[in-house]
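1. My questions are about this predicted structure, shown below with the sequence.
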Amino acid sequence: QAVKKEQQEVKETPEVVIKKASFEMFLDLDLIKKGLQVKFLSLSKEKLLLFDPNSKTLATINLDKKGQQIQAGKEQLGDGLMASINGGMAFVYSEDKGIIKVDLQNQKVSVVAKPDKEWGGIGDIYGFAGNVYLLDKLNNQIWKYLPTQDGYSDKRKYFNEGVKVNFEGSMRIQIESSVYVLGQGGEMSRFTKGAPDFFSYGGLEKNIRDPKSFFVSSDTDNLYILDSGNSRLVVLTKVGMYKDQYESDRFAMASDLVVDEAGKKVYLLEDNKIYTMELQ
């Protein structure tokens with residue numbers, strides 16, 4: 001009923017208000033480490049995680065104090081490719097070391113899972129509620145690892161028996177109790193408790209095109225898509241209904257974003273700089 005009500009409201013108010021985004025420089029990443037080329041942003045509890053898969057540098061920024069710290073490098077992370085933050089922990093997917101956990105309080109590094117020959121093309125990693133999730137594009141599966149008394153469980157399939165998915169071309173995964181997977185063409189899939197759940201774009205005046213990233217979490221009421229092909233940031237409900245949009249050429253050039261909804265700020269990654277935008 002809630003979904004039907006939202007769809008009805010969109011039909012009654014078809015006019016779309018486009019907001020012009022304005023940005024402020026938040027941080028030049030050269031100040032953390034010269035030549036840092038961050039590809040992944042991740043946010044949890046006012047701590048921003050940055051990962052550079054070229055230099056294999058993992059760093060954090062405390063948003064309230066702007067304090068910066070390098071947490072780990074190539075020696076600990078090996079051939080690290082992607083990273084995610086969950087509370088006081090960071091998780092890194094490394095081709096030669098497997099899944100690495102970094103305690104952000106003391107920089108202690110441990111192994112969640114060694115490399116697994118059953119892993120196919122791993123497209124993204126995500127930490128949620130202490131669990132670790134791998135998006136496996138080749139096997140059309142999400143692998144799940146749960147904390148145990150002495151480490152982590154063996155891998156488990158996220159999907160219930162008989163659930164069929166197609167993750168070819170999938171790019172990013174985000175979790176807020178439900179699991180969201182974004183495809184290159186803007187396709188969004190949503191799953192809850194191992195089964196497909198409702199998600200449908202509604203109220204957009206033009207389709208999502210060439211998205212670079214998206215953001216949703218248990219700390220947000222909304223879902224945000226970096227719609228690079230249309231130079232905009234699209235704000236949706238968690239089931240896909242249109243709420244708002246912001247336009248700027250910067251959205252076409254940016255590669256990743258996170259959203260601090262409580263602080264009304266978007267953090268946008270462009271080359272080796274992070275910019276902030278106020279949510280209206």
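-> Ah, there it is.

2. The residue lying closest to Asn54 once chain neighbours are set aside: what's it in contact with?
-> Excluding the flanking residues, the one nearest Asn54 by CB to CB, 6 or more residues apart in numbering is Gln37, at 5.0 Å. For every residue, glycine as well, the C-beta is placed using N, CA and C. Contacts for Gln37 were tallied using CB atoms under 8 Å, 6 or more residues apart in numbering; they are 52, 54-55, 272.

3. Tell me how far Gln37 lies from Ile173.
-> Counting by CB to CB, to the nearest Å, the separation of Gln37 from Ile173 is 22 Å.

4. Isn't Trp119 up against Gln141?
-> No: look at Trp119 against Gln141 with CB atoms under 8 Å: they stay out of range, at 9.4 Å.

5. Around Glu168, how many other residues sit close by?
-> Using other CB atoms under 10 Å, Glu168 has 11 neighbouring residues.

6. my bad, should have said Lys74
-> Neighbourhood size, Lys74 [other CB under 10 Å]: 12.

7. Can you give me the neighbour number for the closest residue to it other than its chain neighbours?
-> The shortest distance from Lys74 to any non-neighbouring residue, by CB to CB, 6+ apart, is to Lys56 (3.8 Å). Lys56 sits with 19 neighbouring residues when counted by other CB under 10 Å.

8. which ones are touching Lys56?
-> Counting by CB under 8 Å, 6+ apart, the residues that Lys56 touches are 73-74, 77-80.

9. And it, its phi and psi?
-> Taking degrees, to the nearest 10, you get phi 60, psi 40 for the backbone angles of Lys56.

10. how far away is it from Ser84?
-> 15 Å.

11. any weak-confidence spans in the protein?
-> The model of the chain has pLDDT under 70 over residues 1-15.

12. and with 80 instead?
-> 1-16, 65-66 (pLDDT under 80).

13. Helices of that one, residue ranges please.
-> For the chain, the helices defined by DSSP state H cover 2-12, 74-77, 250-253.

14. Just give me how far stretch 257-266 sits from the chain centre.
-> In terms of CA atoms, centre = their mean, to the nearest Å, the centre of stretch 257-266 is set 13 Å apart from its chain centre.

15. cool, and stretch 110-126?
-> So, by CA atoms, centre = their mean, the centroid of stretch 110-126 is 17 Å from its chain's centroid.

16. List the buried residues of that stretch.
-> Residues of stretch 110-126 classed as buried: 112-113, 119, 122-126 (neighbour count, 16 or more other CB atoms under 10 Å).

17. What is the nearest of these to Lys212?
-> The closest of those to Lys212 turns out to be Asp124 (CB to CB; 13.0 Å).

18. Please save the CA atoms from stretch 257-273 in CSV.
-> Extracted C-alpha coordinates of stretch 257-273, given in CSV (Å, rounded to 0.1, in the frame of the first residue of the first chain):
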residue,chain,number,x,y,z
LEU,A,257,30.2,9.2,-3.7
VAL,A,258,28.9,8.7,-0.1
VAL,A,259,26.1,10.5,1.6
ASP,A,260,26.0,11.7,5.2
GLU,A,261,22.2,12.3,5.3
ALA,A,262,22.2,13.4,9.0
GLY,A,263,24.8,16.0,8.3
LYS,A,264,23.1,16.9,5.0
LYS,A,265,26.3,16.4,3.0
VAL,A,266,27.3,14.5,-0.1
TYR,A,267,31.0,13.6,-0.5
LEU,A,268,32.0,13.4,-4.1
LEU,A,269,35.3,11.9,-5.4
GLU,A,270,36.8,13.5,-8.5
ASP,A,271,40.3,12.6,-9.5
ASN,A,272,42.5,13.1,-6.4
LYS,A,273,40.1,15.5,-4.7
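
19. Contacts for it, please.
-> The contact list for stretch 257-273 (CB under 8 Å, 6+ apart) reads 23, 25-30, 35-38, 41-43, 46, 48, 63, 213, 215, 219-222, 224, 226, 233, 250-251, 253-256, 274-279.

20. Then stretch 111-124?
-> By CB under 8 Å, 6+ apart, the surrounding residues in contact with stretch 111-124 are 81-82, 84, 91, 93, 95-101, 132, 134-139, 141, 143, 145, 151-152, 154-155, 167, 170-173.
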